[in-house]
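Novice: just to be clear, the model below is a prediction. Sequence and coordinates:
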Amino acid sequence: MSQRGLLRVHQPRPARAKRARVATSTHARIREHKRALKHATMRDCGRRCVYCGTCLAIDVATLDHVYPLAHGGTSAPGNLVTACARCNRLKGDMLPVEFFARHPWAGANFVRYARAVHRALKRGARRAVSLAMAA
Ligand SMILES: [Zn+2]
């Protein structure tokens with residue numbers, strides 16, 4: 001009797017059916033994520049520029065990383081605020097303490113309007129403003 005019949009033959013598994021392509025592209029999903037993030041940040045900041053206090057419409061609002069990305073800041077909600085283009089440009093890549101020391105009015109508004117921002121950032125802002133006021 002032949003051995004062949006007893007041997008287990010390894011057959012290649014049939015290729016798994018590819019997952020159905022999701023209708024939305026990656027770009028569309030990123031765009032949607034950014035839009036949602038902007039909406040949430042707008043809400044958290046009372047629909048204002050947290051630096052000058054101007055009321056902002058969604059299409060003119062910009063997102064600002066309080067602790068700049070260039071200095072290792074993240075896009076976590078606690079580091080994001082809404083700002084008008086003018087203030088965002090003015091702040092540039094400055095560290096928040098640097099910016100608030102130079103422009104205490106921005107720091108005072110920030111303490112007031114950036115409600116959902118990380119506690120440490122608010123504490124730093126408060127300190128920078130009081131130091132600038134005392135100077
Ligand atoms: Zn502003």
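Specialist: Good, I have the coordinates.

Novice: what residues does this structure have near the ion?
Specialist: Contacts of the chain with the ion, taken as Cβ under 5 Å from the ion, map to 49, 51-52, 84, 87. Every residue, glycine included, has its C-beta placed from N, CA and C.

Novice: ok, now which ones touch the most centrally placed residue in the chain?
Specialist: For the chain, the residue sitting closest to the mean C-alpha position, by Cα atoms, centre = their mean, is residue 75 at 3.1 Å. With contact set as Cβ atoms under 8 Å, 6 or more residues apart in numbering, residue 75 has these partners: 37, 65, 69.

Novice: contacts for the longest helix along the chain next, please.
Specialist: When the chain is parsed with DSSP state H, its longest helix is helix 26-44. With Cβ under 8 Å, 6+ apart as the test, helix 26-44 has contacts from 24, 56, 58, 61, 63, 75, 77, 80-82, 114-117.

Novice: what about this protein, any weak spots by pLDDT?
Specialist: 1-23 (pLDDT under 70).

Novice: helices along that one, start to end?
Specialist: With helices called from DSSP H, the chain shows them at 26-44, 85-91, 96-102, 104-113, 119-134.

Novice: ok now the longest one, how far from the chain's centre?
Specialist: I take that to be helix 26-44. With Cα atoms, centre = their mean, to the nearest Å as the basis, helix 26-44 stands 9 Å off its chain's centre.

Novice: now swap in the last one and tell me
Specialist: Relative to the centre of its chain, helix 119-134 is centred 22 Å away, using Cα atoms, centre = their mean.
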